[in-house]
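> Coordinates for the following, if possible.
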Amino acid sequence: MSRETSSEIDASAAKWAAQLDAGSMRPSDHVALEDWLEGDSRRQGALWRARAVLALMVEPVETVVDRATARPDRRVLLGGLGLAAAVAAGVVLSPIMSGQRYRTLVGEIRRVPLADGSMAAINTDTTLDVRFQKTERAVKLDRGEAWFQVAKDRARPFVVAAGGIRVQAVGTAFSVRRKSAGAEVRVTEGVVEVWSDKGASRQRRRVVAGEQVFVSDAAGASSPVKRPLEMDRALSWRDGQIVLDGDTIAAAAAEFNRYNTRKIVIVDPDLEGRTVVGWFRTNEPESFAEAVGVAHGAGVNVGADVIMLGGAR
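Predicted coordinates:
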């Protein structure tokens, strides 16, 4: 038997924590929980973290999860982070729901335990519909990006629809980012099948762990490529981070602008093509701008709505 991943342990811990918090545990459930805890030394810590999350949650369980007019709650622990890091990154853990629409604000990152034991990490400015049925677990990604840790259920495939793009998995982990003409898919565990439901070619293509692929609405899937380091950086948003390694300043600024209402504006065109290396929080565009200013001798002017980068210091 393969060793259980940390993500799988965290997903199971979230389910157990929810049952304990609801007070719905039967004697047989307590026995099953003890057996689960004894099966892996990492599980006790995962359950402690999951219960800490629920203890910190002060909001009632909602029938609709829509944060278009509300500020994100910055006090909730993201499974893989320490408490202080999660607070700094602005990551939120949502209640468990089986059929719901989720919408995140600009800068909000939400981790959602789903009713089947799966987990969805929802990135900034994303709209996601989850509908579980008897024969299929259907997710619709209208906009934005999400990463899914899928619980195994061969009788009910887990299918994500992003425009005309389809991504199907049974038990695996992958991300989908909706683009204007298709979707980017990155597989972190297991195997998925991708295809376009509306294009000229509807041929399915298998994508395995460590690979990423762009699926065009019109042309279908390109050939998957294996770039593990690039994938790790691209998915660092799950921990509230932006990791830069030789990215252009223009591309890095655009990435920060995905997460913040205060936008970075580059006023010096010569600055756009220069490269930058560093690790930053998604909600700290000022730190990025100051680092660029020091490294490249650029002026930084922080205003209420914009951060002007470039010009004289």
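> Walk me through the domains of the chain.
1-56, 60-230, 240-309 (automatic domain parsing).
> in the stretch 51-200 of the chain, what spans have low per-residue confidence?
Within the stretch 51-200 of the chain, the set of residues satisfying pLDDT under 70 comprises 51-99, 199-200.
> what ranges do the helices span in it?
Ranges of helices within the stretch 51-200 of the chain are 83-89, based on DSSP state H, counting those that start in this stretch.
> Identify each of the strands in it and give its residue range.
Defined through DSSP state E, counting those that start in this stretch, the strands belonging to the stretch 51-200 of the chain, from first to last, are 65-66, 91-93, 99-103, 109-113, 119-122, 127-132, 137-143, 145-149, 158-162, 165-169, 173-179, 182-189, 191-196.
> now do the stretch 201-313 of the chain
According to DSSP E, counting those that start in this stretch, the stretch 201-313 of the chain carries its strands in the segments 205-208, 211-216, 220-221, 225-226, 241-248, 263-266, 275-281, 300-302, 306-309.
> Contacts for the first one, please.
Same thing as strand 205-208. The list of residues contacting strand 205-208 from outside it, by C-beta atoms under 8 Å, 6 or more residues apart in numbering, reads 174, 185, 187, 190-195, 213, 220-221, 224. All C-beta atoms are positioned from the backbone trio N, CA, C, and that covers glycine.
> chain center to that strand, what's the gap?
Strand 205-208 has its C-alpha centroid displaced from the chain centroid by 20 Å (C-alpha atoms, centre = their mean, to the nearest Å).
> That one: partners in the sheet, and parallel or antiparallel?
Taking DSSP bridges as the criterion, strand 205-208 pairs within the sheet with strand 191-196 (antiparallel).
> for stretch 204-211, how far is the first residue from the last?
End-to-end distance of stretch 204-211: 15 Å, with C-alpha to C-alpha, to the nearest Å as the criterion.
> average model confidence for it?
Averaging pLDDT along stretch 204-211 gives 94.
> And for the nearest residue to Arg227 once chain neighbours are set aside, the neighbour number?
When the adjacent residues along the chain are set aside, Arg227 lies closest to Gln212, with 6.6 Å between them (C-beta to C-beta, 6 or more residues apart in numbering). Around Gln212 sit 22 other residues, with neighbours defined as other C-beta atoms under 10 Å.
> thinking again about what came up before, buried deepest among the domains of the chain, which one?
Of those, the one with the most neighbours on average (mean count of other C-beta atoms under 10 Å) is domain 60-230, at a mean of 18.
> per-residue pLDDT, Ser41?
At Ser41, the predicted lDDT confidence score is 75.
> Now do the same contact list for the spatially most central residue of the chain.
When the chain is reduced to its mean C-alpha position, the closest residue under C-alpha atoms, centre = their mean turns out to be Ala121, at 3.5 Å. Under the criterion of C-beta under 8 Å, 6+ apart, the neighbours of Ala121 are 109-112, 146-148, 238.
> Am I right that the residue nearest to Arg227 is in contact with Pro224?
Yes. Assessed by C-beta atoms under 8 Å, Gln212 is found in contact with Pro224 at 6.6 Å.
> just checking, what packs against the lengthiest helix in the chain?
Across the chain, the longest stretch assigned as helix under DSSP state H is helix 6-22. Under the contact criterion of 3 or more C-beta pairs under 8 Å, 6 or more residues apart in numbering; DSSP states H and E, the helices and strands touching helix 6-22 comprise helix 27-38, helix 42-56, strand 109-113, strand 119-122, strand 145-149.
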